[in-house]
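Visitor: sharing a model that was predicted from the sequence below.
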Amino acid sequence: MTEVDQQKEVKMFDKFGLDEINIKEISLSDYIGVKGKCLRYLPHNASRFQVKRFRKAHCPIVERLTNSLMMHGRNNGKKLLAVKIVRNAFEIIKLMTHENPVQILVEAISNSGPREDSTRIGRAGTVRRQAVDVSPLRRVNQAIYLLCLGARLAAFKNGKTIAETLADEIVNASKGSSSSYAIKKKDEVERVAKSNR
């Protein structure tokens, strides 16, 4: 056996394999980073993905989730805390579903990004809304934002930890269940867009 063969495969948190992850929606496959350069042991690399437009599409998807958790003043910049929350959430997802948590996350993101939205168009002093299609990158961005927001709202002034609420949110979103905050918001946005066609 060569030295390359003996190298073990890259696993997220040294537990969850990234080789068998498959993205069912073709349009999102370029924007959900789980293969190639996005293989990481931890969702913490100090790369500057915000420097150039579209560079964040190459950021590992688990790291994007971690970064999105660092919001609301008191949590800004506490990345190690965010990494710990994501690790605990993944452990809970593994216990709940007996599947790879990264695969569950990818399915949740595919399900909870709105496909259609409405934009404001000003014409001759009157403002009306027009339905538009949503780009794949924005769908991924919105999905991650809504998953984290749902987890944060569920954990606030509640007995559950944010790791537990994040795990619940991701599992419900991956099933397409309407008990997920992200799925409810997505349906609402798409309903408004449909009425503005």
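Guide: Thanks, I have it. Numbers count the residues shown, from 1 in each chain.
Visitor: alpha carbons only for contacts and neighbour counts from here, please
Guide: Noted.
Visitor: now do whichever strand or helix holds Val171: which elements does it pack against?
Guide: Secondary structure here is read from DSSP states H and E; on that basis Val171 sits in helix 162-175. Counting contacts by 3 or more C-alpha pairs under 8 Å, 6 or more residues apart in numbering; DSSP states H and E, helix 162-175 packs against helix 79-97, helix 101-112, helix 136-155, helix 181-195.
Visitor: quick one: average pLDDT of it?
Guide: This predicted structure assigns helix 162-175 an average pLDDT of 92.
Visitor: list the buried residues in that helix.
Guide: Counting neighbours by 16 or more other C-alpha atoms under 10 Å, one finds that the buried residues in helix 162-175 are 162-174.
Visitor: thinking again about what came up before, need the helices and strands packed on helix 162-175 in a markdown table (columns: mean pLDDT, distance to Arg48 and mean neighbour count).
Guide: Supplementary listing: the helices and strands packed on helix 162-175 in a markdown table, determined by pLDDT from 0 to 100; distance: least, C-alpha to C-alpha, whole Å; neighbours: other C-alpha atoms under 10 Å:
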| stretch | mean pLDDT | distance to Arg48 | mean neighbour count |
| --- | --- | --- | --- |
| helix 79-97 | 92 | 15 | 18 |
| helix 101-112 | 91 | 23 | 24 |
| helix 136-155 | 92 | 17 | 21 |
| helix 181-195 | 91 | 28 | 19 |
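Visitor: contacts only, for Leu166.
Guide: Neighbouring residues of Leu166 by C-alpha atoms under 8 Å, 6 or more residues apart in numbering: 89, 147-148, 150-152.
Visitor: will you turn those into JSON lines that also has distance to Tyr181?
Guide: JSON lines is the format used below for the contacts of Leu166 (distance: C-alpha to C-alpha, whole Å):
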{"residue": "Ala89", "distance to Tyr181": "17"}
{"residue": "Leu147", "distance to Tyr181": "7"}
{"residue": "Cys148", "distance to Tyr181": "10"}
{"residue": "Gly150", "distance to Tyr181": "5"}
{"residue": "Ala151", "distance to Tyr181": "8"}
{"residue": "Arg152", "distance to Tyr181": "10"}
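Visitor: these: which two are farthest apart?
Guide: The largest separation in the contacts of Leu166, counting by C-alpha to C-alpha, is between Ala89 and Gly150 at 13.9 Å.
Visitor: where's the closest residue to Ser110 other than its chain neighbours relative to Leu146, distance?
Guide: The spatial neighbour of Ser110 that comes closest, neighbours along the chain excluded (C-alpha to C-alpha, 6 or more residues apart in numbering), is Glu25 at 7.0 Å. Using C-alpha to C-alpha, to the nearest Å, we find Glu25 at a distance of 19 Å from Leu146.
Visitor: now do Ala163
Guide: Taken as C-alpha to C-alpha, the span from Ala163 to Leu146 is 15 Å.
Visitor: can you tell me what sits against stretch 42-52?
Guide: 12-13, 55-56, 58-60, 62-63, 66, 79, 83.
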